[in-house]
Each structure stands twice: as structure tokens, then as C-alpha cells.
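Participant: here is a sequence together with a model predicted from it:
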Amino acid sequence: MTEQQETSEDVVMTRIGQALMLLHGGDREEARNRLGAIWAEIGEHGDPLHRCTLAHYMADAQDDAGDELAWDLRALAAADGLSQDRLDEHHASLAVKALYPSLHLNLAADYVKLHRPDAARIHLERAHAALDALANDAYGNGIRAALDRLERQLEGA
């Protein structure tokens, strides 16, 4: 990666991180605005890492479950186009396959919100099938616990 690409990489990921801080601080509208501006710059065919990261967080910033689903689907599509080499450039300890449990969990949750239990079950199965990519650490255990909670919620519906 050239120095110019590295700088561009840092800038995009930093801007996404800043929008995420706004989101976690409760300013969903401003987070959506900033993420939307970045999306307009990187576009539907931009760097898969940027698209996956941005779409994942943009989904969290949505007030409408249908919009959340659309962004989570974009995140999944971007992950499908993300190479391990590209992810290693950003963070060498991450594995592309480790993204899938969370991405499918989010989609399952979206479908539950939209009262589409069959679609939710499909993504729960896909999330479970990908769990072996997660370590037995706080993150992995958090995803496993969230899957269990969502399954119980779906069973009770």
C-alpha cells in the first residue's frame, strides 16, 4: 500500500469512527448524516472494507427496520467481496470469516423486527454455521450470547 493509500485509508476509517462515536453518544441523526456523506464518497463499488464497516454502522443508526435491513444487506454484500489480504492491510489479527456471525446475527434481528421469522431463522442458522471462526473471548462470547437471546425471542414469538 502506498503512503497516499494509507493516508486515505486512515482518513476514511477515522471518519467512520467519528460518526460511530456520535452514534454511541446518542446523536443518531448526525451519525447518519456523516455516514451518508462518506457513503456518497466511497460509493456502492468502493473499497469493500470501507463499505462493510460503514454499512454495518449505518444500519445501527437507522430508525426504520426496513432501512436497517437494507444497510445490513449492504454490509454482508461488501463482506462477500472483502479479501483476507485487504483486511490484513487494515488489521492483521482479523479474519474475514469472523465477520459473518455478527453480520448474520444482525440480519436475523432485522427480520425479527420485520415479523419475518422464516428469514430470521435462515440467518440464525448461517450465524451458527460461522461461529467456529470466533475465538472464545469476550467478543465471540458476546455474539454467541446474542444469538441465544435472539433464538429465545424468536421461539417465544
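Facilitator: Here it is on my side, so go on.
Participant: could you list the low-pLDDT ranges of the chain?
Facilitator: For the chain, the stretches flagged by pLDDT under 70 are 1-9, 157.
Participant: go with 80
Facilitator: 1-10, 90-94, 157 (pLDDT under 80).
Participant: residue 83 against residue 96, yeah?
Facilitator: Yes. The criterion here is C-beta atoms under 8 Å, and residue 83 meets it with residue 96 at 7.3 Å. (Each C-beta comes from the backbone N, C-alpha and C, glycine too.)
Participant: in terms of neighbours, single out the busier of the two.
Facilitator: Taking other C-beta atoms under 10 Å, residue 83 and residue 96 do not tie; residue 96 has more neighbours (19 against 11).
Participant: this structure: strands as residue ranges?
Facilitator: Counting by DSSP state E, no segments of the chain form strands.
Participant: ranges for the helices of it?
Facilitator: For the chain, the helices defined by DSSP state H cover 3-24, 28-42, 48-60, 65-80, 84-90, 100-113, 117-129, 138-156.
Participant: tell me which residues in the third one are buried?
Facilitator: Buried positions in helix 48-60, judged by neighbour count with 16 or more other C-beta atoms under 10 Å: 48-60.
Participant: how far is that helix from where the chain is centred?
Facilitator: 5 Å (C-alpha atoms, centre = their mean, to the nearest Å).
Participant: who does it touch, helix- and strand-wise?
Facilitator: With contacts taken as 3 or more C-beta pairs under 8 Å, 6 or more residues apart in numbering; DSSP states H and E, helix 48-60 sits against helix 3-24, helix 28-42, helix 65-80, helix 84-90, helix 100-113.
Participant: nearest to residue 120, out of these?
Facilitator: helix 100-113 (3.8 Å; C-beta to C-beta).
Participant: quick check: angle from the closest one to helix 117-129?
Facilitator: 160 degrees (axes from the mean of the first three to the mean of the last three C-alpha atoms, to 10 degrees).
Participant: quick one, what contacts the residue lying closest to residue 84 once chain neighbours are set aside?
Facilitator: Closest residue to residue 84 apart from its sequence neighbours, by C-beta to C-beta, 6 or more residues apart in numbering: residue 96 at 5.2 Å. Listed by C-beta atoms under 8 Å, 6 or more residues apart in numbering, the contact set of residue 96 reads 79, 82, 83, 84, 87.
Participant: next one: the fourth one from residue 114, what distance?
Facilitator: The one in question is residue 84. As defined by C-beta to C-beta, to the nearest Å, residue 84 lies at a distance of 32 Å from residue 114.
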